[in-house]
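In: Task: produce atomic coordinates for the following.
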Amino acid sequence: MTHNNHVLDGVNKDASLWPGCTLADAKEYYLKLAEGWIPYNPPPVVKVHDNVRVVRDDMIVGTKTRAGDLMASKINNETIVYSQPRVGLAGVSILDVAKHHDRKVVLFMPSSKRISHHQACCIERGATPIFMRIAAMRNLNMAAEQWAEENGAFFVPLGLRHELATAGIVHAASQIPEPQEVYVAISTGVLSRALQIAWPNAKFVCVAVARNLKAGELGRAEVISEKLAFAADEKEENLPPFPVVKSYDAKVWKYIPKDGIIDRLFWNVGQEPVLLDGSVYDRIDSERKWKKHEVSSSGAVHPDRV
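Out: So this is what the prediction gives:
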């Protein structure tokens, strides 16, 4: 499905912190949130490929570990809860963060006849999965949030949209000289909006790979609507010369000019996680029925086959 019905309002909802708030104000606010924080990840590594500066977060578990690390360092909850789609590095990133901060992780996942590669990697790394048959991810997100509230856990919204997660990214990006032009893949837009705060003078081009963007999500960036379906991999001839998630960031590379005329930067959020034991696919029963695994009229979730 082509994602080409975006809200182009020029608003960065993570920078609009109060009336009259400027990007400079927002950057100062987020950097202050990160004061005294010692990340477990090293500073971002930037390498040049085909005349493009590339942030190589494929050399760590992924960019979302930078976002989640600061967040986890500030909470007291024993358990972190998140809604993990079939495709995405958020789950494995949260698990890496949880390992460093001695937290447990519960992941709500859409049910299916067979778990996906990314879901399998999450389970192998220690996540407790709760499968639900859903019509839309927002329903799963609501169920996860309710479960967290009822069980004293810390709920993380989709895309890690939390001010401490944004602060973690702003902190990391502020260690890199500001480029003239930035290219990123975009889904919920958390990364792009944080980078726009860190680099207020740069031009941004986002490639929408998963969904239509809503009000306040795109910020001041231009948007390119990727024609490939979200779960589809990029064609081999279009892949960049470094490890990448083929269904996500790989779709950006073909759109970046390689002429070297201006300073362009691409932020690569990670690479495909490695699954060590393929038997997890057969051990995990992820299929659910509507009537037994839906949210009841009282709002209670029925995860009777975890």
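In: Give me the residue ranges of the stretch 1-150 of the chain where confidence is low.
Out: Low-confidence regions of the stretch 1-150 of the chain, defined here as pLDDT under 70, cover residues 1-2.
In: domains for this structure, by residue range?
Out: Domains of the chain are assigned by automatic domain parsing as 23-60+161-268, 65-160.
In: closest one to residue 281 among those domains?
Out: Shortest separation from residue 281 across the domains of the chain is recorded for domain 65-160, at 6.0 Å, computed as CB to CB. Where you see a C-beta, it was placed from the backbone N, CA and C, and this is true even at glycine.
In: Let's see the distance spanning that closest one from one end to the other.
Out: End-to-end distance of domain 65-160: 10 Å, with CA to CA, to the nearest Å as the criterion.
In: Could you number the chain from 38 rather than 1 from now on?
Out: Sure thing, new numbering starts at 38, so read that last one as domain 102-197.
In: That one: how far from the chain's middle?
Out: Relative to the centre of its chain, domain 102-197 is centred 12 Å away, using CA atoms, centre = their mean, to the nearest Å.
In: Export the domains of the chain as a markdown table, with columns for distance to residue 324 and mean neighbour count.
Out: Output for the domains of the chain, formatted as a markdown table (distance: least, CB to CB, whole Å; neighbours: other CB atoms under 10 Å):
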| stretch | distance to residue 324 | mean neighbour count |
| --- | --- | --- |
| domain 60-97+198-305 | 18 | 19 |
| domain 102-197 | 5 | 20 |
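In: helices or strands up against the helix ranked longest in the chain?
Out: Among the elements of type helix in the chain, defined by DSSP state H, the one spanning the most residues is helix 174-187. Judged by 3 or more CB pairs under 8 Å, 6 or more residues apart in numbering; DSSP states H and E, helix 174-187 is in contact with strand 116-120, strand 141-147, strand 165-169, strand 191-192.
In: Which among those is found nearest to residue 266?
Out: Distances from residue 266 to each of the helices and strands packed on helix 174-187 were compared using CB to CB; the shortest belongs to strand 141-147, at 15.9 Å.
In: packing partners for that closest one?
Out: Checked by 3+ CB pairs under 8 Å, 6+ apart, strand 141-147 has strand 116-120, helix 127-138, helix 154-161, strand 165-169, helix 174-187 packed alongside it.
In: if I read this right, residue 50 contacts residue 254, doesn't it?
Out: Yes: under the criterion of CB atoms under 8 Å, residue 50 makes contact with residue 254 at 6.9 Å.
In: Report the set of residues contacting both of these two.
Out: residue 230 (CB atoms under 8 Å, 6 or more residues apart in numbering).
In: Show me where the stretch 238-343 of the chain has its strands.
Out: 240-245, 259-262, 301-305 (DSSP state E, counting those that start in this stretch).
In: possible to save those strands as CSV with mean pLDDT?
Out: Conversion of the strands of the stretch 238-343 of the chain to CSV gives the following (pLDDT from 0 to 100):
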stretch, mean pLDDT
strand 240-245, 97
strand 259-262, 96
strand 301-305, 98
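In: Look up the closest residue to residue 189, ignoring the ones flanking it.
Out: The spatial neighbour of residue 189 that comes closest, neighbours along the chain excluded (CB to CB, 6 or more residues apart in numbering), is residue 114 at 6.5 Å.
In: contacting residues for that neighbour?
Out: 140, 189-191.
In: for residue 123, same thing?
Out: With contact taken as CB under 8 Å, 6+ apart, residue 123 is in contact with 146-147, 149, 153, 155-156, 268.
In: Going by distance to residue 81, which of those wins?
Out: Comparing those against residue 81 with CB to CB picks out residue 155 as the nearest, at 22.9 Å.
In: Can you tell me how far that closest one is from residue 226?
Out: Between residue 155 and residue 226 the distance, using CB to CB, to the nearest Å, works out to 20 Å.
In: what's the answer for residue 150, then?
Out: Here the distance between residue 150 and residue 226 works out to 31 Å (CB to CB).
In: that older thread, mind checking the domains of the chain for the one nearest to residue 315?
Out: Set against residue 315 and scored by CB to CB, the domains of the chain come closest in domain 102-197, at 8.0 Å.
In: just to revisit the earlier point, what's the closest of the contacts of residue 114 to residue 161?
Out: Proximity of these to residue 161 (CB to CB) peaks at residue 140, which lies at 17.4 Å.
In: Once you drop chain neighbours, what's closest to that closest one?
Out: Among residues not flanking residue 140 along the chain, residue 117 sits closest, at 5.3 Å (CB to CB, 6+ apart).
In: Show the pLDDT at the residue nearest the centre of the chain.
Out: Nearest residue to the geometric centre of the chain (CA atoms, centre = their mean): residue 196, 4.2 Å. Confidence at residue 196, expressed as pLDDT, is 85.
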